[in-house]
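*Asks:* I'd like to go over a predicted model; first the sequence, then the structure.
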Amino acid sequence: MIPERWVLASASPRRRALIALLGHPVEVLPVEIDESPRPGEGPPACAARLARAKVEAARLQAPEALILAADTVVDLEGQILGKPADAEEARAMLRALRGRTHQVHTAVAVHHPLRGETWVEVATTQVIMRSYADEEIEAYLATGDPFDKAGAYAVQHPTFRPAAAVVGCYAAVVGLPLCHLARILRRWGWAPPADLPDRCQAALAHRCSVYPEILNAR
Ligand SMILES: Cc1cn([C@H]2C[C@H](O)[C@@H](COP(=O)(O)OP(=O)(O)OP(=O)(O)O)O2)c(=O)[nH]c1=O
């Protein structure tokens, strides 16, 4: 049995759009937590801790609901790139990422109130950036898009298109690994809509790799 009321503890419009693909109504309840990494904490562990902390914060406000939250961390050779504070920092991040491969870790956390369980999974995706020009960086900064994005970029941005290739889960880079989430929910008896893979492909411009084995796993 899975609760009827689902609450997404997130202010991210990307996460709201992605979770809507599951076909279940979701209330949005943004929470504020301290997102600073802890000394010595690895990037995947940081993402997992923050996703869990967002769930914990929302649980206090909706104790009877299924709570969902996520956190995305950009990892350049072990260094965490968060959201840039200003244009200078965004420029520096985009230059550091240019022409190189980095990893994006997105943790999804889900709390089931009746079972008293919280599951957390981390999806790690490799992103290979193209060698975009300084002028492209400046044009992208001028759009204002980088400032609410980890690593100062959106892989899905329609004109900047910073990635040459994405290896792994594309939806996780955008903010929510749908396969991992579906796998957690299936454990509690939720049945994904039969056309979920088609919906994901259509919404993510055919870059989504919905893994049948994850959707079907117990
Ligand atoms: C790398 C990358 C990140 N992002 C976004 C996803 C997340 O919204 C954001 C990472 O910051 P997060 O702290 O994970 O999320 P958030 O603060 O936006 O939302 P909330 O905590 O309320 O859920 O960056 C993209 O949209 N595209 C990308 O390619």
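*Replies:* It's in.
*Asks:* the strand or helix carrying Ala58 packs against which elements?
*Replies:* Per DSSP states H and E, Ala58 falls inside helix 43-59. Under the contact criterion of 3 or more C-beta pairs under 8 Å, 6 or more residues apart in numbering; DSSP states H and E, helix 43-59 touches strand 66-76, strand 101-112, strand 117-129. C-beta here means a position set from N, CA and C on the backbone, and glycine is covered the same way.
*Asks:* and the next helix or strand past the last one?
*Replies:* Okay, so that is strand 117-129. Counting by DSSP H and E, the element after strand 117-129 in chain order, helix or strand, is helix 134-143.
*Asks:* enumerate the positions of that next one that are buried.
*Replies:* Across helix 134-143, burial judged by 16 or more other C-beta atoms under 10 Å covers Glu136, Ile137, Tyr140, Leu141.
*Asks:* does the third one touch Phe160 like I think?
*Replies:* Yes. Tyr140 is within contact range of Phe160, at 4.4 Å (criterion: C-beta atoms under 8 Å).
*Asks:* how about Glu35: what's its closest non-neighbour residue?
*Replies:* Distance criterion C-beta to C-beta, 6 or more residues apart in numbering; nearest residue to Glu35, sequence neighbours excluded, is Leu50 at 5.7 Å.
*Asks:* that neighbour: neighbouring residues, count only.
*Replies:* For Leu50, the neighbour count with other C-beta atoms under 10 Å is 22.
*Asks:* pull the CA atoms of the helix holding Ala58 into CSV?
*Replies:* Listed next in CSV are the C-alpha coordinates belonging to helix 43-59 (Å, rounded to 0.1, in the frame of the first residue of the first chain):
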residue,chain,number,x,y,z
PRO,A,43,30.1,14.1,-3.8
PRO,A,44,27.6,11.1,-4.0
ALA,A,45,27.4,11.0,-0.2
CYS,A,46,26.7,14.7,-0.1
ALA,A,47,23.8,14.4,-2.6
ALA,A,48,22.4,11.5,-0.6
ARG,A,49,22.6,13.3,2.7
LEU,A,50,20.9,16.5,1.2
ALA,A,51,18.1,14.6,-0.4
ARG,A,52,17.4,12.8,2.8
ALA,A,53,17.5,16.1,4.7
LYS,A,54,15.0,17.6,2.4
VAL,A,55,12.7,14.7,3.0
GLU,A,56,13.1,15.0,6.8
ALA,A,57,12.3,18.7,6.7
ALA,A,58,9.1,18.1,4.7
ARG,A,59,8.0,15.2,6.9
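*Asks:* average pLDDT for that helix?
*Replies:* Helix 43-59 shows a mean pLDDT of 98.
*Asks:* likewise for stretch 26-35?
*Replies:* What stretch 26-35 shows for mean pLDDT is 96.
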